[in-house]
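Peer 1: Below are the sequence and a predicted model for it; my questions follow.
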Amino acid sequence: MSTISTTGKLDGKVAVITGATSGMALAGAKLFVDEGAHVFITGRHPDAVDEAVRQIGRNVTGVQADSADLDDLDRLFETVKQKKGAIDVLWASAGGGEQGSLGEITEKQFDAAFALNARGTLFTVQKALPLFNDGGSIFMTGSNASLRGYPDWSVYAASKAVLPAYARVWVAELRDRRIRVNVLTPGQIATPMMMAALPAELKSQFESVIPRREMGSPEEIASVALFLASDDSSYINGLEVVADGGSTVI
């Protein structure tokens, strides 16, 4: 008599997802748990972390942490060490940035974007490494803003453009440990936060450049994240995986 396997793609794995209190990373955390992982999530605001933990429901540990703050990162990985002892998957997803036209960009905008997206991502990965199991998967959230010339987004785009460079170098540095490093680059995604703030005119503008004329969903990005986290992507290494519905190729 045949049996149906109920094995999840991340059974027994420990995953850390930064910036996972909403949107794509929260959808990913839910999916990772459904696929058998224990997930550590972070966010800047304690109430948001608690709410995300409530939504995920099981096999999750929430840690209030700002990825631009190295002390917070130390506390995050000390929590992981104490509770689970090791990491199999790291999704460095925390990031953000503001619009700013050339001629009006401030030092504060520049420093904030690079502190979180470039510096924070680097130290998130570096501080995770002592806990990382050989053969694990690291991936970072990029942005298709770094692939096209969107007006007013030069600082944000530049701070995200460093991530594929990190991945290429880290692949070489980590090859003896068989740890894979990739970049997940989404396009225009209809996260609850974006949809609440997005004027109808801008939403239409976003959709006009997507071949299917419809923004992506957080769950669609979560599926790509699961692919990168799992053994399904065992031969994918050092790549920028673009999930933007084709908006950067037409």
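Peer 2: Nice, thanks for sending it over.

Peer 1: what stretches of this protein score poorly on pLDDT?
Peer 2: Along the chain, the model assigns pLDDT under 70 to residues 1-6, 197.

Peer 1: now with 90?
Peer 2: Low-confidence segments of the chain, defined by pLDDT under 90, span residues 1-7, 96-99, 145, 148-153, 191-209, 249-250.

Peer 1: Now do the longest strand out of those in it: which elements does it pack against?
Peer 2: With secondary structure taken from DSSP state E, the chain has its longest strand at strand 132-141. On a contact count with 3 or more Cβ pairs under 8 Å, 6 or more residues apart in numbering; DSSP states H and E, strand 132-141 meets strand 87-92, helix 121-128, helix 154-174, strand 180-186, helix 218-229. Where C-beta positions appear, they are placed from N, C-alpha and C, glycine not excepted.

Peer 1: The first one versus helix 218-229: what angle between them?
Peer 2: Interaxial angle, strand 87-92 versus helix 218-229 (axes from the mean of the first three to the mean of the last three Cα atoms, to 10 degrees): 130 degrees.

Peer 1: cool, and the second one?
Peer 2: Orientation of helix 121-128 against helix 218-229 (the same axes, to 10 degrees) gives an angle of 50 degrees.

Peer 1: What helices and strands are in contact with helix 121-128?
Peer 2: Packing contacts for helix 121-128, counted by 3+ Cβ pairs under 8 Å, 6+ apart, involve helix 70-83, strand 87-92, strand 132-141, helix 154-174.

Peer 1: buried ones in that helix?
Peer 2: By 16 or more other Cβ atoms under 10 Å, the buried positions in helix 121-128 come out as 121-125, 128.

Peer 1: so Thr124 touches Ala94, yeah?
Peer 2: Yes. Contact criterion Cβ atoms under 8 Å: Thr124 and Ala94 qualify, at 7.4 Å.

Peer 1: before we move on, back to that, can you list the strands that the longest strand of the chain pairs with?
Peer 2: Strand 132-141 has its sheet partners listed here by DSSP bridges as strand 87-92 (parallel), strand 180-186 (parallel).

Peer 1: residues in contact with the last one?
Peer 2: For strand 180-186, the surrounding residues in contact (Cβ atoms under 8 Å, 6 or more residues apart in numbering) are 24, 91, 125, 136-144, 146-147, 163-164, 166-167, 170-171, 174, 216, 221, 224-225, 228, 233-234, 236-244.

Peer 1: Quick check on these: which are buried?
Peer 2: 24, 91, 125, 136-144, 146-147, 163-164, 166-167, 170-171, 174, 216, 221, 224-225, 228, 233, 237-244.
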